[in-house]
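J.: Sharing a sequence plus its predicted fold:
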Amino acid sequence: MPSTLVADSVHAGYDSAPVLRDVSVDLTPGGVTVLVGPNGSGKSTLLRTLARLHDPTAGAVTVDGEDAGRLRGRELARRLAFLPQGSPIPAGLTVRELVGHGRYAHRGALGRVRAHDHDAVDWALEVTGTTAFAGRHVDGLSGGERQRAWIAMVLAQQTGVLLLDEPTTYLDLRYQVEVLALVRSLADEHGITVGLVLHDLNQAAAYADQVVVLSDGTVLASGTPDQVLTGATIETAFGLPVHVVAHPLTGRPTCLPYGSPAPAAMAS
Ligand SMILES: Nc1ncnc2c1ncn2[C@@H]1O[C@H](COP(=O)(O)OP(=O)(O)OP(=O)(O)O)[C@@H](O)[C@H]1O
């Protein structure tokens, strides 16, 4: 069943330093929401707060109307999967073993692996194109192969909500497109609610139902790619003049930067 993940007037930060201020985001059921914004604008902090790895100092995060803060580890992990940016490289684990870790929340008290756990792992390996190297050690893979193995692990978790922080990092163009197309099909065909951080505005335009632009810890704009990815919004967020045209084949907004960044943006 499609899940809803909502941040309602969330404030969050580190120690005494506030980062997110009054952020409200509604991850629409079975939709792809992409968070964009300049470096340091709070995208990862928001994704971590949505995943409840980071406590909001005010406001609430709810999954299907329930306070996510009340969901315990396994219960939350059955509802929501999160892949952070730059996950550590596990030593001595094969890809299949790594992906099998995605099943931990589904195992019973004795931790026995059952047939449907194997099926979920096989499916995750297949859709991420990692079956061919499932027996290899993760620490011996290329950056792109490893990234796909991590994505397979969170897919094996088979949750209604999937949060991925810059999942296309390290991937070549073909695999960037494959991962984003996979994410799109997870939403379209399996009703999974997806939240992504991406830096590439054109990829956000191509794959998102909803784009949220963060700037200095607040939501500058949110809505469909057409509504949000305008020259004015992008220039405000990034301090860079951008000409936006319709993609000649898809009609989606396509951002063409020109000129030089504003001095303030270069300094930050
Ligand atoms: N663990 C931390 N402790 C203290 N401050 C942090 C921590 N993580 C992030 N910050 C600070 O919080 C702010 C927002 O960081 P965050 O990583 O959420 O931004 P981002 O938009 O994801 O950035 P990027 O595009 O560079 O990945 C930054 O000023 C950053 O320095």
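T.: Arrived safely.
J.: Show me the shaky parts of the stretch 151-268 of the chain.
T.: The stretch 151-268 of the chain contains residues with pLDDT under 70 at 264-268.
J.: where along it do the helices fall?
T.: 173-190, 201-207, 225-228, 231-238, 263-267 (DSSP state H, counting those that start in this stretch).
J.: quick one, which of the ones you listed is nearest to the ligand?
T.: helix 231-238 (10.9 Å; C-beta to the nearest ligand atom). All C-beta spots, glycine's among them, are computed from the backbone N, C-alpha and C.
J.: Now do the closest one: everything it contacts.
T.: Helix 231-238 has contacts (C-beta atoms under 8 Å, 6 or more residues apart in numbering) with 36-38, 41, 201, 213-215, 220-221, 240-244, 255, 261, 265.
J.: ok, and which of the residues you listed reach the ligand?
T.: Here is what survives when those are matched to the ligand using C-beta under 6 Å from any ligand atom: 37, 41.
J.: Buried among the contacts of helix 231-238? Need that as a selection in PyMOL.
T.: Selection of buried members from the contacts of helix 231-238 for PyMOL, criterion 16 or more other C-beta atoms under 10 Å:
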select buried, resi 36+37+38+41+201+213+214+215+220+221+240+242+244+255
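J.: Show me the contacts of helix 231-238 that map onto strands.
T.: 36, 213-215, 220-221, 242-244, 255 (DSSP state E).
J.: Quick check: of those residues, which lies closest to the ligand?
T.: For these, the nearest to the ligand is L214 (6.4 Å; C-beta to the nearest ligand atom).
J.: With adjacent residues omitted, what lies nearest to that closest one?
T.: G37 (3.6 Å; C-beta to C-beta, 6 or more residues apart in numbering).
J.: Around the ligand, pick out the residues from the stretch 1-150 of the chain.
T.: Counting by C-beta under 6 Å from any ligand atom, the residues of the stretch 1-150 of the chain close to the ligand are 14, 19, 37, 39-45.
J.: quick one: the strands in this protein?
T.: Using DSSP E, strands in the chain cover 5-14, 17-27, 32-36, 58-63, 66-67, 80-83, 161-165, 193-197, 210-215, 218-223, 242-246, 253-257.
J.: The third one packs against which elements?
T.: In this structure, strand 32-36 makes packing contacts with strand 17-27, helix 43-50, helix 173-190, strand 193-197, helix 201-207, strand 210-215, judged by 3 or more C-beta pairs under 8 Å, 6 or more residues apart in numbering; DSSP states H and E.
J.: What's the end-to-end length of stretch 219-237?
T.: 10 Å (C-alpha to C-alpha, to the nearest Å).
J.: Give me the buried stretch members for that stretch, please.
T.: 219-222, 225, 228-231, 233-235, 237.
J.: if we can go back for a sec, columns distance to A156 on top of the helices of the stretch 151-268 of the chain, output as CSV?
T.: Shown next, in CSV, are these (distance: least, C-beta to C-beta, whole Å):
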stretch, distance to A156
helix 173-190, 13
helix 201-207, 22
helix 225-228, 30
helix 231-238, 35
helix 263-267, 40
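J.: Filter the residues of the stretch 1-150 of the chain next to the ligand down to the buried ones.
T.: Buried among those by 16+ other C-beta under 10 Å: 19, 37, 41-45.
J.: T28 and T193, how far apart?
T.: For T28, the distance to T193 (C-beta to C-beta, to the nearest Å) stands at 7 Å.
J.: now swap in E126 and tell me
T.: For E126, the distance to T193 - C-beta to C-beta - is 22 Å.
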